[in-house]
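A.B. asks: all I have is the shape, not the residue letters:
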């Protein structure tokens, strides 16, 4: 059997272990959700999970929160987890960074309930479209800081301050 035939197939809603590299050369294995499949390119889009349940104000509507024990336990998780769908990465289906769990013999560690998987799909399709190559490099939207008007421009609503007359 070829490597292609033996490779695991992932579907939206599957929870998988994936090794994320750090810029210093290290890596960390994280639980991720398969957000979407692209069979034309043999790729999947993943979003990683975090135990930090603090929702970023700028993207609170783009997260799936598994905070209730019933939800995270059924999914195969041991703790409450937030999946931030607007922070995602596109990878090949057979990417070597999918981490096989020794106890399970697979990178799949669980699955979302059907309504949760549908919610992930709804969030993903509602996000601004990006190029495929941007998702390959990773989409990490950051909060846009509110710029404070400079001291001289406060209250002028876009008009230049009047020149001083002597």
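C.D. replies: Good, I have the coordinates. What you see is a predicted model, and the numbers here were worked out from it, not measured in a lab. Numbers count the residues shown, from 1 in each chain.

A.B. asks: so where's the chain shaky on pLDDT?
C.D. replies: Applying pLDDT under 70 to the chain flags the ranges 1-6, 56, 58, 142-166.

A.B. asks: contacts only, for the residue most central in space within it.
C.D. replies: Centroid check for the chain by Cα atoms, centre = their mean gives residue 47 as the closest residue, at 2.8 Å. By Cβ atoms under 8 Å, 6 or more residues apart in numbering, the contact list for residue 47 reads 32-33, 35, 83-85, 87-89, 120. All C-beta spots, glycine's among them, are computed from the backbone N, C-alpha and C.

A.B. asks: how much space between it and residue 87?
C.D. replies: According to Cβ to Cβ, to the nearest Å, residue 47 stands 6 Å off from residue 87.

A.B. asks: same check, this time on residue 44
C.D. replies: Taking Cβ to Cβ, one finds residue 44 at 15 Å from residue 87.

A.B. asks: how close does residue 122 get to residue 116?
C.D. replies: On the measure of Cβ to Cβ, residue 122 and residue 116 end up 11 Å apart.

A.B. asks: which one of the two is surrounded by more residues?
C.D. replies: Counting neighbours by other Cβ atoms under 10 Å for residue 122 and for residue 116 shows that residue 116 has the greater number, 19 against 11.

A.B. asks: assign that one to helix, strand or coil.
C.D. replies: Here residue 116 is helix, with the state taken from DSSP: H, G, I helix; E, B strand; the rest coil.

A.B. asks: that one reaches residue 64, doesn't it?
C.D. replies: Yes: using Cβ atoms under 8 Å, residue 116 makes contact with residue 64 at a distance of 6.1 Å.
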